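# After the sequence you'll find the predicted model.
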Amino acid sequence: MKERLLDIASRFELEGRITDIKPLGEGFINDTYVVTTEGDAPDYILQRKNHVIFPDVPGMMDNIKAVTKHIKAKVADPLRETLTVIPAKDGKLYVRDGENYWAACLFIPDTTSPARADTPELAYQGGLGTGRFQALLSDFDKPLNETIKGFHNIRWRFKQWDETLAADPVGRVSQLQEEISWIESRRKEMMDFWALVEDGTIPRHVTHNDTKISNILFNSSDGSMLCMIDLDTVMTSTSLNDFGDAIRSYANTGAEDDRNPDNVGMSLEMFKAYAEGYLHEQKASMVQSELDHLAFSARYITFEQVLRFLMDYIDGDRYYKIAYPEHNLVRTHAQYKLLRSMEEQYCQMCEIIRNI
């Protein structure tokens, strides 16, 4: 394996002689490695892109190159304040190895990436990170490739949902009437929100689409937010998706797949801290319709995740990795508990946004 990795890395425009390649992280979607070079040459990140999750890797890399180029023109330290894509020696932004696609970028040293936001201070910094990313790209006007069809598009998700229920491939629908009613009782509300995106009332911008805190780099020296990473899901949609997805991650008092629903709820303290950081950077770039629906976006994204976990369980667990047979159903119940907590505190969430 090491020889193969060395061969793949050597096909990119890297400076210096490669001295080592080591795995980085757990590799849930992609396989990631740190490429160490000799002397004063920079180190690099080498990554095998998951072409099943991302069927258009060339389009994905075009997106990443376009948005990072835009950011680099606006920041003081372009080699640290965004990713730097390293092209292959043939000029492409990736290397093809059989069915696999590989990409490389500059390694940014002296940084940390927390696994979880466990304090309001960290939530505030995360909000700064997402807000700054969106603000830097608020005037980006080039088309981006849709690398994952229908991502955060509830009309598309409901189409998949209806087809999955009709097919009932593993015979689970009859056992899930209560859970199915959770989805159907909220269909109109969610579709009404998405119609505002479709008709332009809520504008579309560049969105990151995976705003958990582990996708933000922080300076090791002072703990300040540096930049967003893991740009594979960058596409064009409503910026509210990024806010809502972050709240689903940052403000959950339990785990995404918590077996004990009593652990799960939305922390208003974490919601407020993240919102303050986010709006500090992004408020000037937003129109009133976005501000009006900012709190609702957390309910929208959490609802979508309830739907997707339940749909995958009905479909025979074909999309999400599971650790045990009922895993997707446990995820469904945990996310539904989070959704109910958001709905119960929604007036307070809206008041927090207004006060900020």
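Arrived safely, thanks for sending.

# hey, let's count contacts and neighbours off CA atoms from now on
Noted.

# Distance of residue 251 relative to residue 275?
According to Cα to Cα, to the nearest Å, residue 251 and residue 275 sit 11 Å apart.

# before we move on, what about residue 77?
Taken as Cα to Cα, the span from residue 77 to residue 275 is 26 Å.

# Those two - which one has more neighbours?
Comparing residue 77 with residue 275 by other Cα atoms under 10 Å, the one with more neighbours is residue 275, at 26 against 10.

# which parts of the host helix or strand of residue 103 are buried?
In this structure, residue 103 is located in strand 100-106 according to DSSP states H and E. For strand 100-106, burial by neighbour count (16 or more other Cα atoms under 10 Å) applies to 101, 102, 103, 104, 105, 106.

# ok, which pair from those is furthest apart?
Spanning the widest gap among these are 101 and 106, at 17.4 Å by Cα to Cα.

# Please parse this structure into its domains.
Domain ranges of the chain: 2-109, 120-355, per automatic domain parsing.

# Deepest-packed of those, please.
domain 120-355 (a mean of 19; mean count of other Cα atoms under 10 Å).

# Stretch 60-73: how far from the chain's middle?
Relative to the centre of its chain, stretch 60-73 is centred 17 Å away, using Cα atoms, centre = their mean, to the nearest Å.

# ugh, wrong one, stretch 289-297
Using Cα atoms, centre = their mean, the offset of stretch 289-297 from its chain centre is 19 Å.

# for whichever strand or helix holds residue 295, packing partners?
Using DSSP H and E, residue 295 maps to helix 294-314. In terms of contacts (3 or more Cα pairs under 8 Å, 6 or more residues apart in numbering; DSSP states H and E), helix 294-314 is packed against helix 154-167, helix 177-184, helix 240-250, helix 327-344, helix 346-355.

# tell me the angle of it relative to helix 177-184?
140 degrees (axes from the mean of the first three to the mean of the last three Cα atoms, to 10 degrees).

# Pull up the per-residue confidence for the residue nearest the centre of the chain.
The chain has residue 210 as the residue nearest its centroid, 0.6 Å off, counting by Cα atoms, centre = their mean. Per-residue pLDDT puts residue 210 at 93.

# close enough to count as contact, it and residue 229?
No. The criterion here is Cα atoms under 8 Å, and residue 210 misses it with residue 229 at 9.7 Å.

# before we move on, the earlier item: which residues does the residue nearest to the centre of the chain contact?
Residue 210 makes contact with 233, 242, 245, 246 under the criterion Cα atoms under 8 Å, 6 or more residues apart in numbering.

# and it, what helix or strand is that in?
Per DSSP H and E, there is no helix or strand for residue 210.

# Distance-wise, check it relative to residue 85.
From residue 210 to residue 85 the distance is 19 Å (Cα to Cα).

# on that earlier part again, which other helices and strands does the strand holding residue 103 contact?
Checking 3+ Cα pairs under 8 Å, 6+ apart, strand 100-106 ends up next to strand 44-49, strand 85-86, strand 95-97.

# Let me know the average pLDDT across it.
Averaged over strand 100-106, pLDDT sits at 96.

# mind exporting it as PDB, just the C-alpha atoms?
The C-alpha trace of strand 100-106 is given here as PDB (Å, rounded to 0.1, in the frame of the first residue of the first chain):
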ATOM      1  CA  ASN A 100     -10.400   5.800  -7.600                       C
ATOM      2  CA  TYR A 101      -9.800   9.500  -7.700                       C
ATOM      3  CA  TRP A 102      -7.100  11.200  -5.600                       C
ATOM      4  CA  ALA A 103      -6.600  14.900  -4.800                       C
ATOM      5  CA  ALA A 104      -3.900  16.800  -3.000                       C
ATOM      6  CA  CYS A 105      -3.700  20.100  -1.200                       C
ATOM      7  CA  LEU A 106      -1.200  22.000   0.900                       C
END
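
# how about low-confidence regions in this protein?
Applying pLDDT under 70 to the chain flags the ranges 26-29.

# can you name the farthest residue from the center of it?
residue 39 (35.0 Å).

# coming back round to it: out of the helices and strands packed on helix 294-314, which gets nearest to residue 115?
Closest to residue 115 of the helices and strands packed on helix 294-314, according to Cα to Cα: helix 240-250, at 10.8 Å.

# Show me what the closest one is in contact with.
116-118, 123, 130, 152, 207-213, 270-271, 274, 278, 290, 293-302, 338.

# any idea of the angle the helix or strand that comes right after that helix forms with helix 346-355?
Where DSSP H and E defines the elements, the next helix or strand beyond helix 240-250 is helix 268-282. Going by the same axes, to 10 degrees, helix 268-282 is angled at 30 degrees with respect to helix 346-355.

# For helix 268-282, C-alpha coordinates in PDB please.
Only the C-alpha atoms of helix 268-282 are listed here, as PDB (Å, rounded to 0.1, in the frame of the first residue of the first chain):
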ATOM      1  CA  LEU A 268     -30.300  27.500  23.700                       C
ATOM      2  CA  GLU A 269     -27.000  28.600  25.200                       C
ATOM      3  CA  MET A 270     -25.100  26.900  22.300                       C
ATOM      4  CA  PHE A 271     -27.600  28.100  19.800                       C
ATOM      5  CA  LYS A 272     -27.100  31.700  20.900                       C
ATOM      6  CA  ALA A 273     -23.300  31.500  21.000                       C
ATOM      7  CA  TYR A 274     -23.100  30.000  17.500                       C
ATOM      8  CA  ALA A 275     -25.700  32.600  16.100                       C
ATOM      9  CA  GLU A 276     -23.700  35.500  17.600                       C
ATOM     10  CA  GLY A 277     -20.500  34.300  15.900                       C
ATOM     11  CA  TYR A 278     -22.200  33.600  12.600                       C
ATOM     12  CA  LEU A 279     -24.100  36.900  12.400                       C
ATOM     13  CA  HIS A 280     -21.000  38.900  13.500                       C
ATOM     14  CA  GLU A 281     -19.500  37.900  10.100                       C
ATOM     15  CA  GLN A 282     -22.400  37.300   7.900                       C
END
